[in-house]
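Colleague: Sequence and predicted model, in that order:
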Amino acid sequence: MAEKSRPSTGTTDGGTPADVAAGARPARRSEGPRIRPSNGLDRYFGISARRSTTTREVRGGLTTFFTMAYIVLLNPIILTSIPGPDGTPGADVTGAVLPFSAIAAATALIAGVMTILMGVVGRYPFAVATGLGINAIVAVFAATQLSWPEIMGLVVLEGLAITVLVLTGFRKAVFEAIPPQLKTAIAVGIGFFLTVIGLADAAIIRPGNPLISFGVGGQLAGWPILVFVVGLLLMAVLVVRRVRGGLLIGIAATTVLAIVIEAVADVGPRIVDGEEVNPRGWALQVPAVPDDVVAAPDLSLLGEFSLFGGFERIGVIAALLIVFSIMIADFFDTVGTVTAVGAEGGLLDEDRNLPRSQPVLLVDSLAAAAGGAGSVSSNTTYIESASGVADGARTGLASVVTGVLFLGTVFLSPLVLVVPSEAAAPALVVVGALMISQIRHLQWDDLSLVIPAFLALALMPFTYSITNGIGAGVISYVLLRTAVGRRREVHPLMWLIAAVFVVYFALEPLQQLF
């Protein structure tokens with residue numbers, strides 16, 4: 001493979017990210033000389049066929065890992081943050097508390113296994129880990145209604161239910177029924193969503209009055225914020241100059257800067273035991289050279305779930321509503337993620353569908369069940385995969401690299417957690433910028449298309465949920481296209497999807513009713 005392609009732009013030879021996002025057909029593989037696979041690895045993953053190289057895949061896998069490794073620390077923080085009935089953080093209705101170290105180890109293990117499976121079976125550069133948002137929902141249900149084994153059992157059932165939908169072809173049919181306008185809006189919305197995640201991870205934006213505050217008291221104050229700004233500017237320069245591995249180089253350089261600053265200034269953490277003690281501190285992990293490199297993992301949570309215990313505790317209908325709410329979030333988060341990451345890598349066809357998507361959807365569904373079985377909440381395809389794609393990844397080999405690194409994290413967590421979120425967050429902002437550039441390819445001359453697209457891309461960052469954005473876009477699309485007499489252009493499945501989302505948005509009163 002000639003090194004003339006430019007991985008930092010997030011495309012193949014078939015066009016710019018925006019061209020691909022708009023539904024433009026990538027260049028046919030028959031155009032130009034056919035590149036023969038150089039070895040069995042190349043042949044299996046289709047590395048040359050996707051105009052990539054083994055070096056780029058490894059680099060992309062590394063970038064994805066370091067962009068999303070925060071989940072190993074953040075997932076146990078979220079699952080143990082909500083007080084139970086007795087006021088103990090992380091306690092379920094029975095008073096039991098999940099051990100922090102066991103959640104971290106199981107989070108890394110499940111992410112590693114399922115990401116490798118995604119690479120080997122799905123053969124796309126998608127990484128898998130515990131779904132943010134869903135884990136918060138799981139934590140709330142544990143604190144208010146169910147024990148930890150019971151809520152994890154419902155997560156397993158949710159994953160199995162989605163697996164059935166995949167095997168019947170229904171999930172793929174839903175994916176393909178969404179019109180190109182909405183798919184483009186989803187990709188753009190996720191670009192904004194990634195940007196918000198990056199800014200929030202670095203504490204550039206924080207909860208405030210009335211809604212969001214900027215930095216500390218309206219100022220970019222504190223060493224961690226300086227690290228983020230330096231990292232953002234460095235990565236932007238590297239990407240603009242098309243430096244191969246620019247995002248990975250930026251993460252590494254910014255991490256070194258953070259370690260030096262912490263050693264000199266002794267900044268410390270921003271949050272301790274769930275309370276903010278230092279507004280100018282590090283958001284998640286404090287960067288420092290670890291005393292130990294290897295730590296023995298606690299895998300005691302694996303298999304600790306009760307498949308039908310939740311039905312006995314709260315009743316069949318209430319339990320089914322919980323399964324439904326988690327399933328909808330899982331189902332459509334993946335639709336949005338696959339669309340956005342596939343567009344960034346030029347992997348979609350002219351209808352903005354992912355070729356050979358069935359294995360990807362199957363592994364994603366099994367990952368949801370695996371997350372419940374591991375007591376770490378549902379696992380799903382990660383939007384942070386876009387960072388690796390922007391750094392050159394195009395095949396499942398990158399996912400294998402990411403997965404192996406997650407497995408290493410089970411034993412090497414002290415070393416991995418050296419990277420602070422302030423060093424990884426700039427990569428999310430830069431990737432968000434690449435994805436947002438697709439906005440100019442939306443159709444702007446028909447309000448029945450503009451309003452659904454706007455709602456989809458606006459609600460994702462503002463509600464911190466891909467699912468909410470897709471739901472608003474789908475419901476408004478069906479309604480407005482019908483209102484202007486274009487009902488026949490609405491795919492029949494879109495009516496069903498819209499009805500499902502109406503139920504999803506009405507879950508709170510339904511749960512109170514039952």
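Modeller: Nice, thanks for sending it over. Numbers count the residues shown, from 1 in each chain.

Colleague: Show me where the stretch 401-514 of the chain has its helices.
Modeller: 421-436, 447-463, 466-483, 492-505, 507-513 (DSSP state H, counting those that start in this stretch).

Colleague: tell me what the second one is packed against?
Modeller: The one in question is helix 447-463. Here helix 447-463 touches helix 180-201, helix 466-483, going by 3 or more C-beta pairs under 8 Å, 6 or more residues apart in numbering; DSSP states H and E. The way it works is simple: take the backbone N, C-alpha and C, and place the C-beta from them, glycine included.

Colleague: Quick one: mean pLDDT over that helix.
Modeller: Across helix 447-463, the average pLDDT comes to 92.

Colleague: got the helices and strands packed on helix 447-463 as CSV, with mean pLDDT and mean neighbour count columns?
Modeller: Formatted as CSV, those follow (pLDDT from 0 to 100; neighbours: other C-beta atoms under 10 Å):
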stretch, mean pLDDT, mean neighbour count
helix 180-201, 85, 26
helix 466-483, 92, 22
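
Colleague: that older thread, single out the most deeply packed of the helices of the stretch 401-514 of the chain.
Modeller: helix 421-436 (a mean of 27; mean count of other C-beta atoms under 10 Å).

Colleague: remind me which residues of the chain are low pLDDT?
Modeller: Applying pLDDT under 70 to the chain flags the ranges 1-35, 208-210, 274, 413, 416-417, 514.

Colleague: Need the single longest helix in it, by residues.
Modeller: Once the chain is assigned using DSSP state H, the helix that runs over the most residues is helix 316-344.

Colleague: how far off helix 421-436 does that one point, in degrees?
Modeller: On the basis of axes from the mean of the first three to the mean of the last three C-alpha atoms, to 10 degrees, helix 316-344 is oriented at 70 degrees to helix 421-436.

Colleague: Just the buried positions in the helix or strand following helix 316-344, please.
Modeller: Remark: after helix 316-344, the chain's next helix or strand is helix 358-373, criterion DSSP states H and E. Across helix 358-373, burial judged by 16 or more other C-beta atoms under 10 Å covers 359-373.

Colleague: From the contact counts, what lies against helix 358-373?
Modeller: helix 100-117, strand 128-130, helix 148-167, helix 170-177, helix 316-344, strand 379-381.

Colleague: I137 - how many residues pack around it?
Modeller: Other residues near I137 come to 18 when the count uses other C-beta atoms under 10 Å.

Colleague: Need the nearest residue in space to it, chain neighbours excluded.
Modeller: In this structure, I137 finds its nearest non-sequential neighbour in I326, 6.5 Å apart by C-beta to C-beta, 6 or more residues apart in numbering.

Colleague: And that neighbour, how close does it get to T380?
Modeller: Separation of I326 from T380 (C-beta to C-beta, to the nearest Å): 10 Å.

Colleague: Kindly report the same for L220.
Modeller: 33 Å.

Colleague: hang on, S213 in a strand?
Modeller: Yes: membership of S213 in a strand is supported by DSSP: H, G, I helix; E, B strand; the rest coil.

Colleague: Hmm, R206 and it touching each other?
Modeller: Yes: the criterion here is C-beta atoms under 8 Å, and S213 meets it with R206 at 5.1 Å.

Colleague: Distance check, the closest residue to L299 other than its chain neighbours against A296.
Modeller: Nearest non-adjacent residue to L299, counting by C-beta to C-beta, 6+ apart: A105, 5.8 Å away. Counting by C-beta to C-beta, the gap from A105 to A296 is 9 Å.
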